[in-house]
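J.: got a sequence here, can you model it:
(one chain, ligands or ions: 1)
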Amino acid sequence: MAEHCENNGKPVFDKPKVELHVHLDGAIRIETILDVAKRRGITLPVCDEMRNLCTVAEPSSLTEFLGKFNHYMHVIAGDRKAIKRIAYEFVETKAKEGVIYVEARYSPHFLANSGVDPIPWNQEQGDITPDEVVHLVNQGFSEGEKAFKTKARSILCCMRHEPRWSMDVVELCKKYRKDGVVAIDLAGDESMKCESYPGHKKAFEEAVKSYVHRTVHAGEVGAPSVVKEAVDVLKAERIGHGYNTLKDEALYRKLLQDNMHFEMCPVSSKLTGACGPDFTKHPLIRFKQDKANYSLNTDDPLIFNSTLNSDYQVAQKYMDFTEEEFKRVNINAAKSSFLPAKEKEELLYQLYEAYGMLNDTSF
Ligand SMILES: O=c1[nH]cnc2c1ncn2[C@H]1C[C@H](O)[C@@H](CO)O1
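T.: Numbering: from 1, shown residues only. Sure, this is the predicted structure:
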């Protein structure tokens, strides 16, 4: 059994949690993929084989990991019922994990089959645009929130390799800001520098101008220069992963000073090969020692066959995380969330109350 799956049933931190970095399309239930495929008449390998195809059990590379989406995205993309269903089920899953607020990210273009060039996943042309995808996910999240009492908001992803989609993405963030979309992200293969992609830069400039919050995948497998660029050029307010920031001490110090939030995903970092396999030497330990501003997240639980508890287990078992640190992590996550000020205050209040800290002024 993989290290991160040990004792998976018993919650390490059985208190309300906040998750800021999880890909909706990397968090689909395998049973749902199989069920939707059956309804749509799409032939897939049998259950166990499908599970093996969609997951990584041993450390691989970011490229190999990103290839996993090819095995199932064609089943969900371009299907209204399926898109809404994955959003709804996602909220149910997070509620069961004890998450009271989650920001889930996805690329609206990757789930569309119309108004997107090229049409992804070898789909036939259909009539579901990126705009309708966002509407469907918003509906799924809103119904999920009513049913399971966990609040879910969306971050819309630009993809590094498709700069032509990025202006659409920021426009969708603006259009749906009152309907559950809280920020823009840049995901995908980080070795592609965005200096050479004015499409991303323009979109992030528009985001700044229109008060759309920004996070960027950087320093996961890429050099510290990608982190620097995310902060200086794309005006990122949070960094997705950011492990390699530690390779540039001056940059790390500056970001610590600026209270930059790092969205850390320990299980993911091992299985994508972003960090070495020995969790006792993980960059997260330095962030913890320095009392940096970071959160703990699953990233793509379908592909890593993990839950949020897996990441907390790794932190506890290999990185000496205490209950106090788990509380601090979640309070930082709430403070760094992209919720409007009043909702953020309410979220923080819920955490302080659940953590028995309403009279504690040290936070
Ligand atoms: O860990 C990641 N790094 C970079 N890109 C990622 C990661 N996990 C998922 N993605 C990509 C693949 C998804 O289809 C896309 C939008 O969620 O974002």
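J.: tell me which parts of the protein are close to the ligand?
T.: 23, 25-26, 66, 69, 105-107, 110, 157, 187-188, 217, 220, 268, 272, 299-300 (C-beta under 6 Å from any ligand atom). Every residue, glycine included, has its C-beta placed from N, CA and C.
J.: redo that, cut-off 8 Å
T.: Counting by C-beta under 8 Å from any ligand atom, the chain comes close to the ligand at 23-26, 62, 65-66, 69, 73, 105-107, 110, 157, 159-160, 185, 187-190, 217, 220, 240-241, 265, 268, 272, 274, 299-300, 303.
J.: neighbours of the closest residue in space to Ala77 that isn't next to it in sequence, how many?
T.: Spatially, and ignoring its direct neighbours in sequence, Ala77 is nearest to Leu111 (4.8 Å; C-beta to C-beta, 6 or more residues apart in numbering). Neighbour count of Leu111, defined by other C-beta atoms under 10 Å: 27.
J.: repeat that for Val12.
T.: 19.
J.: how about the spatially closest residue to it that is not a sequence neighbour, what does it touch?
T.: Nearest non-adjacent residue to Val12, counting by C-beta to C-beta, 6+ apart: Tyr312, 4.2 Å away. Shown in contact with Tyr312 (C-beta atoms under 8 Å, 6 or more residues apart in numbering): Pro11, Val12, Phe13, Leu296, Phe321, Phe326.
J.: try Gly219
T.: Contacts of Gly219 by C-beta under 8 Å, 6+ apart are Val226, Val227, Ile239, His241, Gly242, Tyr243, Asn244, Thr245.
J.: which of those residues are buried?
T.: The neighbour count (16 or more other C-beta atoms under 10 Å) marks Val226, Val227, Ile239, His241, Gly242, Tyr243, Asn244, Thr245 as buried among the contacts of Gly219.
J.: the third one belongs to a helix, doesn't it?
T.: When you say that, I think you mean Ile239. No. Assignment of Ile239 by DSSP: H, G, I helix; E, B strand; the rest coil gives strand, placing it outside any helix.
J.: surely it is in contact with Val216?
T.: Yes. Using C-beta atoms under 8 Å, Ile239 is in contact with Val216, at 6.5 Å.
J.: show me the shaky parts of the chain.
T.: For the chain, applying pLDDT under 70 flags the ranges 1-9, 192-196, 361-363.
J.: again, 90 this time
T.: 1-10, 45-48, 189-197, 359-363 (pLDDT under 90).
J.: what segments of it are strands?
T.: 17-23, 99-106, 151-159, 181-187, 213-218, 238-241, 261-264, 293-296 (DSSP state E).
J.: who touches the fifth one?
T.: The contact list for strand 213-218, computed with C-beta under 8 Å, 6+ apart, reads 21, 155, 182-188, 190, 204, 207-208, 226-227, 229-230, 234-242, 263, 338.
J.: repeat for the first one
T.: Outside strand 17-23, the residues within contact range by C-beta under 8 Å, 6+ apart are 94, 97-106, 157, 187, 215, 238, 240-241, 261, 263-265, 295-301, 308, 330, 333-334, 336-337, 347, 351.
J.: how does it look with 7 Å?
T.: When contacts are defined by C-beta atoms under 7 Å, 6 or more residues apart in numbering, strand 17-23 is touched by residues 94, 98-106, 240, 263, 265, 295, 297-300, 308, 330, 333-334, 336-337.
J.: buried residues of stretch 314-323, list them for me.
T.: For stretch 314-323, by 16+ other C-beta under 10 Å, it's Val314, Ala315, Gln316, Lys317, Tyr318, Met319, Phe321.
J.: may I see the buried residues of stretch 11-24?
T.: Val12, Phe13, Pro16, Lys17, Val18, Glu19, Leu20, His21, Val22, His23, Leu24.
J.: now do the end-to-end distance for it.
T.: Start to finish, the residues bounding stretch 11-24 are 22 Å apart (C-alpha to C-alpha, to the nearest Å).
J.: so how far is it from its chain's centroid?
T.: Computed by C-alpha atoms, centre = their mean, to the nearest Å, the chain-centroid distance of stretch 11-24 equals 11 Å.
J.: what of stretch 103-120?
T.: 16 Å.
J.: send the alpha carbons of that stretch over as CSV?
T.: Output of stretch 103-120 as CSV, limited to C-alpha atoms (Å, rounded to 0.1, in the frame of the first residue of the first chain):
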residue,chain,number,x,y,z
GLU,A,103,-12.0,26.7,-3.8
ALA,A,104,-12.1,24.2,-6.7
ARG,A,105,-10.4,25.0,-10.0
TYR,A,106,-10.9,23.8,-13.6
SER,A,107,-10.5,24.8,-17.2
PRO,A,108,-14.0,25.7,-18.7
HIS,A,109,-12.5,25.0,-22.1
PHE,A,110,-11.5,21.4,-21.2
LEU,A,111,-15.1,20.5,-20.4
ALA,A,112,-16.6,22.2,-23.5
ASN,A,113,-17.3,20.9,-27.0
SER,A,114,-18.2,24.2,-28.7
GLY,A,115,-16.7,27.6,-28.8
VAL,A,116,-13.3,26.2,-28.1
ASP,A,117,-10.4,25.7,-30.5
PRO,A,118,-9.2,23.0,-30.7
ILE,A,119,-12.0,21.0,-29.3
PRO,A,120,-10.4,19.0,-26.5
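J.: please consider this matter closed, and thank you.
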